[in-house]
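Participant: Whatever this is, show me its structure:
(4 chains, ligands or ions: 4)
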Number of protein chains: 2
Amino acid sequence: MKPTYLTRIPAAEAHIRATGERLTQPRVAMLATLMTADHAISHLDAVDALAKHHPMDRVTVYRVLEWLVTMGIAHRIAGDDRVWRFMLTAAKPNGKANAQHLQHAHFTCNDCGQTFCLDEVSPKLPVKVPAGFKTIDVDLKLRGQCAHCA
Amino acid sequence: MKPTYLTRIPAAEAHIRATGERLTQPRVAMLATLMTADHAISHLDAVDALAKHHPMDRVTVYRVLEWLVTMGIAHRIAGDDRVWRFMLTAAKPNGKANAQHLQHAHFTCNDCGQTFCLDEVSPKLPVKVPAGFKTIDVDLKLRGQCAHCA
DNA sequence: TTGCAGATGCAATTGAGTCGCAAATCAATT
DNA sequence: AATTGATTTGCGACTCAATTGCATCTGCAA
Ligand SMILES: [Mn+2]
Ligand SMILES: [Mn+2]
Ligand SMILES: [Zn+2]
Ligand SMILES: [Zn+2]
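Facilitator: Ligands and ions are numbered 1, 2, ... in the order given. A predicted model of the protein is given here:
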C-alpha cells in the first residue's frame, strides 16, 4: 500500500535536519506531503493537502517550497497554465537523496493535467545550437496521455 | 538591411486573407510586427511595438495573438517568468508558411532574456516513456547565452 | 447600401505569486 | 529551565499577466 503522510514524518525530519538548517513544523509537513506524491503538486494542491494534517498560510507554502528548492530537496516544473509544480528531487540509484537536479524529462497528461517526472528519460546531450550560442541547461517536456487516462 | 514593419504589410494581408477569415487592421498590424521580429515577443512587447504604427487595446493584442495561434500562423512559448511569448510559425523549407507547429526547440538567454526558435534543432523522437504513457507532443527548451551575450 | 456575425475597446475581475512588517518559533546559551 | 536573538511564519496589501462581460464598431456578403 501507498505510504501515508504520517509514516513519512520521520524521514522528512531527518532529511531537513541533514541540511543543517532549522527544523520547522511547516518544513516537515510540506516535505512529508511531497514524499507521498506520485506526481508534481502546485502551491494550491499543497495548501489543500496540508489542510488536513497541518494547515498553514499560503505564503508559508510558497516560502517553504522555495526553500526546499534552494536546498535541492525539491525541484520546480513550469506548467502550461502558468503554475509552478513541485516534486521531490529524484533519488540517486543508490537510494540517497540527491541535491542536484538530475537531468530528466517531465510528462504532463492532456486529460487529467497531472505532471510526472520521467527520471529514466533524459534529452540526448549535447544539443546542437547556432554558432555563438552557449547551452547551460536543457528541459525536455512531453505532453500526451498518462497510463491512467490512455 | 532588416525588413521593416511597413514592408511587411502586404505579406501580412495576404497571409490573413489566405485563412478565409476576416481581414482586420489589428490582425494585419500584429502579424506585420511579428514578421519583423527575430525573437519571440510578449504581449507587452507587442503593445509597445504596435504603439508606433497602429496602437490598439491590450486585450485586442491578447485576442489577436490567440487567433494567430489557432490559425497556426504563430506559436506560443511558455517563459520561466510566467509570460507567454509569440513567434511566427516556422516556414517550411520550400518557403511557404506552415500551419503545423514544426517540431523545434526554443532557446532563452539567461542574460538578455530573449527567446529564440531553433528551427534546425529537434528532439530525437520517439522518446521512451513508461508503459501505458502515450506521447503526443514534445518540447525542448534550452537556456544559456545567446550569440550576442556570450 | 444595409444587416449582422464577428471583432474590438474599455472597465472590471481573476488568480498566481510577492512584499512588508509584526508576532511566533527554533536552537543556542546561560 | 529560562533567556535571548536570529529565522521563520501569518496576515494584509499588493503586483501583474491574463480573462471576462458587455456595449460599440467594422468587415464583408447580400
Ligand atoms: Mn522532475
Ligand atoms: Mn518556436
Ligand atoms: Zn492522465
Ligand atoms: Zn542574450
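
Participant: Spatially central residue in chain A, please.
Facilitator: residue A:87 (1.1 Å; CA atoms, centre = their mean).

Participant: Could you measure from the residue of chain A most remote from its centre over to residue B:120?
Facilitator: Distance from the C-alpha centroid of chain A, by CA atoms, centre = their mean, peaks at residue A:131 (34.2 Å). Using CB to CB, to the nearest Å, residue A:131 is found at 11 Å from residue B:120. Bear in mind the C-beta positions are built from the backbone N, C-alpha and C, glycine included.

Participant: Quick one: residues in contact with the helix or strand encompassing the residue nearest to the centre of chain A.
Facilitator: Element membership for residue A:87, per DSSP states H and E: strand A:84-88. Here strand A:84-88 makes contact (CB atoms under 8 Å, 6 or more residues apart in numbering or on different chains) with A:34-35, A:37, A:39-43, A:45-46, A:65, A:68-69, A:73-79, A:115, A:117.

Participant: So which of those reach ligand 1?
Facilitator: residue A:117 (CB under 5 Å from the ion).

Participant: quick revisit: which residue is the nearest non-sequential neighbour of the residue farthest from the centre of chain A?
Facilitator: Using CB to CB, 6 or more residues apart in numbering or on different chains and skipping residues adjacent in sequence, the residue nearest residue A:131 is residue B:147, 6.7 Å away.

Participant: Pretty sure residue A:130 is one of the things the one you found touches, is it not?
Facilitator: Yes. With contact defined as CB atoms under 8 Å, residue B:147 reaches residue A:130; the gap is 6.6 Å.

Participant: For ligand 3, tell me whether the longest strand along chain A is touching it.
Facilitator: Longest strand in chain A by number of residues, with DSSP state E as the criterion: strand A:134-145. No. Under the criterion of CB under 5 Å from the ion, ligand 3 is not reached by strand A:134-145; the shortest gap measures 6.0 Å.

Participant: Could you list the paired strands of that strand along with their orientation?
Facilitator: strand A:105-109 (parallel), strand B:134-145 (antiparallel) (DSSP bridges).

Participant: Would you mind finding the most buried of these?
Facilitator: Sort these by mean neighbour count, taking mean count of other CB atoms under 10 Å in any protein chain shown, and strand A:105-109 sits at the top with a mean of 23.
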